[in-house]
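A.B. asks: Quick one, fold the following:
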Amino acid sequence: MEFHMSIKTKIAAAALAALAVTGSIVSTTSSAEAKQPGWVWGVGAGIATAAVVGSAIAASNDPYYYGYHRCGWVAQYNAFGQYVGRVRSCY
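C.D. replies: Residues are numbered from 1 along each chain as shown. Presented below is the predicted three-dimensional model:
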């Protein structure tokens, strides 16, 4: 099964990965202090970002009505039966 990512989805995935890497670096290099944990805001921001990215990905894909989602290229003909080209069809 192939999954083609749009540019928007690729940018969102790269931003989420950069956020995760930055968060892991910051959490390992901070000093131990007796105060309210500052990572709570980071976890909240990560969850919110994941929700936004997940919604964008879910909104960009077509729904599955009959089980499997199959897309492919189908020949297209004009009214006279002449081959015009191919069109992507999901069935």
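A.B. asks: pLDDT at Y77, what is it?
C.D. replies: Confidence at Y77, expressed as pLDDT, is 91.
A.B. asks: Could you report the neighbour count for it?
C.D. replies: 10 (other Cβ atoms under 10 Å). C-betas here are computed from N, CA, C, even on glycine.
A.B. asks: can you check G42 too?
C.D. replies: The burial count for G42: 15, using other Cβ under 10 Å.
A.B. asks: Report pLDDT for it.
C.D. replies: For G42, the model assigns a pLDDT of 79.
A.B. asks: And S31, by the same measure?
C.D. replies: S31 carries a pLDDT value of 65.
A.B. asks: And C90, how close does it get to G72?
C.D. replies: 8 Å (Cβ to Cβ, to the nearest Å).
A.B. asks: which element is the closest residue to L16 other than its chain neighbours on?
C.D. replies: Spatial nearest neighbour of L16, excluding adjacent residues (Cβ to Cβ, 6 or more residues apart in numbering): V53 at 5.6 Å. Element membership of V53, judged by DSSP states H and E, is helix 39-60.
A.B. asks: Sweet, I'm off.
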